[in-house]
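Novice: structure for this input, please:
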Amino acid sequence: MDQVRYELMRPQEIVAARARAAVAYLPIGPMEWHGPHMAVGMDMLHAHAMALSAARKAGGVVLPPLPLGTETITTPERLRHRGFTGAERIYGMDYPGFAPPSLYIEESAFGLIVREVVRGLKRQEFRVIVLVNGHGATNYRDVLTRLALEESEPGRAAVLLTGYLYDTRYRGHAELGETSFLLACHPEAVDLSALPPEPAPLDYRVYGILDKPTVAGEPTPGFVVCKEQDPRRACAEQGRADLEFESDRIAQKVRAALATVAQG
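Specialist: Predicted coordinates:
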């Protein structure tokens, strides 16, 4: 199989890969709390795996994942959905007692860094640049959406935003979906014994695990993870299936973008 990891390729290999498919993938995700059972690099690792799989399907090269992201102060309404009073001041997933704090950076700094990488890839004559998202914060996604629009140049370069929360079937945090993914791609980064055995409830506030109902603003009674998305039920097989689903969607978008820029 041809090498797709940019950092492991020699210059002539990059040029040859670009000639076959002028696509560069930039996986992005911050280091943040994902429960006591998962590595803090979940978002970045997820984005990188999606990018690698998509590149092997649609062509192109994959940059090393960018371990950065931004977040906001959680609104009182969202705090109440997670079992808090609404008066707390909580930044992203940095709940009281969680350590170490997440490596979020200020929104404008995050945007500048991503923009400069995108512009560097355009100087290297990549025609399709794919921002592969691994994180769900609203302002984070807004920054990437704006950059994709602003840095796209009709007929010359297309900048796509894709990845988690766009192509995945789950919308939770550190729950069954994300835990299954990490079991499939990085089993050494998961320790389910760090969670109490079933059927002990998993309180949102205590574990920092959020299911889809909570993210949708419909928390479960008692503010505990619903049975259907309990991470203790995660399995690598499900993670592999999800990765195939996600990377297929990304590859489809890449092929469509390549066809469009070729016509330009």
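Novice: burial count for residue 228?
Specialist: 11 (other Cβ atoms under 10 Å). (Glycine included, C-beta is placed from N, CA and C.)
Novice: revised request: answer the last question for residue 8.
Specialist: So residue 8, with other Cβ under 10 Å, has 11 neighbours.
Novice: skipping adjacent residues, who's closest to residue 41 in space?
Specialist: Nearest residue to residue 41 in three dimensions, chain neighbours excluded: residue 31, at 5.8 Å (Cβ to Cβ, 6 or more residues apart in numbering).
Novice: for the stretch 51-200 of the chain, which segments count as strands?
Specialist: 61-62, 128-133, 158-163 (DSSP state E, counting those that start in this stretch).
Novice: in the chain, where's the longest helix?
Specialist: In the chain, taking DSSP state H as the definition, the longest helix is helix 236-263.
Novice: now do that one: which elements does it pack against?
Specialist: Contacts defined by 3 or more Cβ pairs under 8 Å, 6 or more residues apart in numbering; DSSP states H and E place helix 236-263 against helix 42-58, strand 128-133, strand 158-163, helix 176-185.
Novice: one more time with 10 Å, if that's ok
Specialist: strand 23-28, helix 42-58, strand 128-133, strand 158-163, helix 176-185 (3 or more Cβ pairs under 10 Å, 6 or more residues apart in numbering; DSSP states H and E).
Novice: tell me what angle the second one forms with helix 236-263.
Specialist: Going back to what we said before, that points to helix 42-58. Orientation check (axes from the mean of the first three to the mean of the last three Cα atoms, to 10 degrees): helix 42-58 against helix 236-263 gives 60 degrees.
Novice: buried stuff in helix 42-58?
Specialist: The neighbour-count check on helix 42-58 (16 or more other Cβ atoms under 10 Å) flags 42-55, 57-58 as buried.
Novice: quick one: closest of the strands of the stretch 51-200 of the chain to residue 72.
Specialist: strand 128-133 (16.2 Å; Cβ to Cβ).
Novice: picking up where we left off before, looking at the helices and strands packed on helix 236-263, which is nearest to residue 117?
Specialist: Closest approach to residue 117 among the helices and strands packed on helix 236-263 (Cβ to Cβ): strand 23-28, 6.0 Å.
Novice: counting by contacts, list what that closest one packs against.
Specialist: Packed against strand 23-28 by the contact rule (3+ Cβ pairs under 10 Å, 6+ apart) you find helix 11-20, helix 42-58, strand 61-62, helix 107-123, strand 128-133, helix 138-151, strand 158-163, helix 236-263.
Novice: that strand: how far from the chain's middle?
Specialist: Remark: strand 23-28 is offset 12 Å from the chain centroid, using Cα atoms, centre = their mean, to the nearest Å.
Novice: re the thing from before, next, format the strands of the stretch 51-200 of the chain as JSON lines and append distance to residue 22 and mean neighbour count.
Specialist: Converted to JSON lines, the strands of the stretch 51-200 of the chain look like this (distance: least, Cβ to Cβ, whole Å; neighbours: other Cβ atoms under 10 Å):
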{"stretch": "strand 61-62", "distance to residue 22": "10", "mean neighbour count": "28"}
{"stretch": "strand 128-133", "distance to residue 22": "6", "mean neighbour count": "29"}
{"stretch": "strand 158-163", "distance to residue 22": "10", "mean neighbour count": "24"}
